[in-house]
Each structure stands twice: as C-alpha cells, then as structure tokens.
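Visitor: Return a 3D structure for these sequence lines:
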Amino acid sequence: MENKLKKIWLINQYAMPPQYESRLRTIKFAHYLTQKGYEVTIFASSALHNMNINLISGNDLWLDTKYDDIHFIHIKAINYKKTLGIRRIISTIQFNYRLLKVIKRFSNPDIIIHTPVVPFVHAICSYSQKIKAEYIAEVLDLWPQQLVDFGILKSANPLMKYLYKKEKWLYFHADKLVFSFEGGKKYLIDKKWDISNGGVINLDKVHYINNGVDLIDFNKYKEEFILEDVHLQNVALKKIVYVGSIRLANDVKYLIDAAKYLIDYKDIVFLIYGNGDYREPLETYCRENGIANVIFKQKWIEPHFVPYLLSKSTVNILNYKSGNFGKYGGSQSKLFQYLASGKPICSNLKMMYCLINKYNLGIAKEFSSNEEYANAILFLANLDQVSYNEMCERSQKVAKEFDYRILTERLTEIF
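Guide: A predicted model of the protein is given here:
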C-alpha cells in the first residue's frame, strides 16, 4: 500500500555518513523508512562531529549525495574541536542559517523530523508551518539543561533563562515531540510547562522512542570485521571496555581512579577507546601515576569494527560526571550496542528508567568512592560462569526490543 505521507526530511546537524556514524539513530530511521516506501532525505552538516573531516572543501553551499540507499544533503559549515568552543558555536550558526537557504530549493516534504539545537529552533519549525508539513521535534538530550546538570551554569543565569524560553517555545509549537529518553513527560511536568500545571504544552503530543541498535548489522559485522588487537584476543585477560568521548561530561578520570584499585589483578585490563579534550591529560596522568592496567587504544575506529570489539569485552562501561544527569532517563547510543554484545554493563550513573537495573544487566549506581566502583567492576568480572551467561542472555534479549526495525515501526505509528 502506498504511504499517504510520502516525503520525509530528517534534519540533524550531527548526522554522518554510515562509514563514520556511531550514533545510528538518524541513518537507521532513514534506511528503514526508505524500505517502507517513504522518500527520505537527511540534512546534516558537512563538518563531522568529533572528527577533523569536512565533506565540502570548495565553495559549494551544499553537497547532494547518497550512501547506499540513504540520501544526504550536507550543508557547508566549519570544523571545530572543542565541545563548547567558539568554532562549534560558529559552525552551528552556519549550519542553521544556510540550512534555511538550501531547503527552499527542494520540493516540500510531508513530514519534517528535526533534531533541534536550542536556541536555533524558530526557523525550521516556522518554515514547516508555512509549507504545511508536520513538524516533529526529536529531543535526543536535555539541552540546554545539561549546562546546569554538569555545573557549567546555574538555572537562574540569564543565559539559561533565555535558552529555557526558546526550548519551551519549540515544545509548544511542535506538532509532535519525540523524546529519546523515557522521562520526557516528567521533565515537562517538573518545569510546569504542561497544561495541567498552568503551562501551554499538551502532553498528548509527547512520545518516547529510545535509541537502538541494528541487530542484523551488529551480528554480521561482529563476524566479518575483525579488529586485530593483542589484548582483545588474549583469552586469559578480562577486558573492561570503555568506548566513547573523553570529555568533561564523561569524567573518564573517575573510571581510571577506580582502575587503580585493581592494579594487582594481573588478569584484568581496562581498555579505553575514544577521543576528546581530556584524553591526552589522562594519558599523562596514567603514566605519571604508574596506572599500567589502563591502556588507551584507538582514538577512533570504524563503526563496523565496534561489534567485534564489544564481543571480546568482559564488562562494558558507561561512565559520566556525577550530578543530575540521567534524572529523566538516558539514551546513550553505545548502551544499545553494549546490550547487543551480550556482556554485563557497569555504570556510575544512578539513572531513572534504567534498563541495566530494570532487567539486571549489570550494576548501575552512583558509587560513594572509587574503591566501591572498582569492587562493582570486579564483582561482574568474577561472576561464576552460570550467572555471567544468564546476564549475557538477558542483555541480548533486551536488545531485541530496541532493534531499529522495531523503533521505525513506532515512529511511523506517530505519523
């Protein structure tokens, strides 16, 4: 049957081509929506996040290209390195300003699914109203709330008040809201932005679709893309694996300080994959303090190799700076790859709506000390084989609920 709503735009500044993308949500929705008969286009920046790669080197304003069945329009913007640096702000301004100029050159869609960055929210939302396209705001994290959660700004700061105002405007004017974390409605209620609290936002238009994993790809890549590595392939070692950014929000030093307590366990090694502002200082910290059981691996590996890497771990790590992060749930992309790998997870987050605790997939709590964190990791690494295997099986079972084929079905129901 032909889809009544045929043409869809997915607008996400940070979406990347499949060969670079570790946050799979946008490209997987594009792939499976295309398979269902929709005509899908992704609008994204030419500057790839966390990478020194720009897909437009000349003077062109945009690049129109396809990666297999995924249609991309890359909007020209400058590269940046720092998470909160001036170049990133400029890059975001460029993307949003030029985006509005570029999209007017294309025939109108029926639906716009926008991953907005506050305060750059008015233009696309207003444009969708002008062309009578359904506008779905996809909220993947609580920006700007993260500035408060990580102690960068106070909620009473005039800048925060301005950003909150823009955020509220977006939520009110969107036709639908899709939060990638389960507590989206609770957040709106706590802000008193919902109608029942005297606000303006109707909670009936609020939906929840978390991030996920493509199990077909994951299981295929796990067998086909082998990462040659002396530690991964050493069956005598228990591998504690962290994959992801190494920035302020990730607080990887907290994990390293926990690792110090396990330095005498010669069969346990901590493997850290990723890059960020804090990587080099932490490498220096490990050398100067003789923390030899922490090994920094590749700054970046192709996404195809991640399934194999995780399949060789003993315990996977979710690590973040303490605070209110996770108060309304979480949607870390790597969590779902961790689940698909079928390995226990240890997290220093006391997160609401926590899949790890709900299904007994490991340990997730705010530890009182680095030593308690270390003991939790040690407990999981030393589980008896029966308990360990049962935990692994539960993890893979939960992963099936978050397969992107299932999540795409939920998205189309919202249409």
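Visitor: per-residue confidence averaged over whichever strand or helix holds residue 96?
Guide: In this assignment (DSSP states H and E), residue 96 forms part of helix 86-103. The average pLDDT for helix 86-103 rounds to 94.
Visitor: next one: stretch 54-73
Guide: Mean pLDDT, stretch 54-73: 95.
Visitor: Return the set of buried residues in that stretch.
Guide: 54, 55, 56, 62, 63, 67, 70, 71, 72, 73 (16 or more other Cβ atoms under 10 Å). C-beta: built from backbone N, CA, C; applies to glycine.
Visitor: The closest residue to residue 215 other than its chain neighbours: what's it in contact with?
Guide: Leaving aside its sequence neighbours, residue 215 sits nearest to residue 403 (Cβ to Cβ, 6 or more residues apart in numbering; 4.8 Å). Residue 403 makes contacts with 212, 213, 214, 215, as judged by Cβ atoms under 8 Å, 6 or more residues apart in numbering.
Visitor: Mark which of the residues you listed are buried, thanks.
Guide: Among these, those scoring as buried are 212, 213, 214, 215 (criterion: 16+ other Cβ under 10 Å).
Visitor: just those residues now: which is nearest residue 283?
Guide: residue 213 (29.8 Å; Cβ to Cβ).
Visitor: Surely that closest one and residue 336 touch.
Guide: Yes: using Cβ atoms under 8 Å, residue 213 is in contact with residue 336, at 4.1 Å.
Visitor: any weak-confidence spans in this protein?
Guide: Counting by pLDDT under 70, the chain shows low-confidence ranges at 1-5, 83-84, 323-324.
Visitor: Which parts of it are strands?
Guide: Assigned by DSSP state E, the chain shows strands spanning 7-12, 39-45, 62-67, 70-75, 111-115, 134-139, 176-179, 206-208, 238-243, 268-273, 294-296, 315-318, 345-347, 362-364.
Visitor: could I get these as JSON lines with distance to residue 398?
Guide: Converted to JSON lines, the strands of the chain look like this (distance: least, Cβ to Cβ, whole Å):
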{"stretch": "strand 7-12", "distance to residue 398": "26"}
{"stretch": "strand 39-45", "distance to residue 398": "28"}
{"stretch": "strand 62-67", "distance to residue 398": "29"}
{"stretch": "strand 70-75", "distance to residue 398": "27"}
{"stretch": "strand 111-115", "distance to residue 398": "25"}
{"stretch": "strand 134-139", "distance to residue 398": "23"}
{"stretch": "strand 176-179", "distance to residue 398": "19"}
{"stretch": "strand 206-208", "distance to residue 398": "16"}
{"stretch": "strand 238-243", "distance to residue 398": "19"}
{"stretch": "strand 268-273", "distance to residue 398": "23"}
{"stretch": "strand 294-296", "distance to residue 398": "29"}
{"stretch": "strand 315-318", "distance to residue 398": "14"}
{"stretch": "strand 345-347", "distance to residue 398": "11"}
{"stretch": "strand 362-364", "distance to residue 398": "11"}
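Visitor: List the buried residues of stretch 150-159.
Guide: residue 150.
Visitor: for stretch 117-129, same thing?
Guide: So, applying 16+ other Cβ under 10 Å, buried residues of stretch 117-129: 118, 119, 120, 121, 124, 125, 127, 128.
Visitor: thinking again about what came up before, other SSEs contacting the helix holding residue 96?
Guide: Contacts defined by 3 or more Cβ pairs under 8 Å, 6 or more residues apart in numbering; DSSP states H and E place helix 86-103 against strand 39-45, strand 70-75, helix 122-130.
Visitor: Since that was my last question, I'll sign off now.
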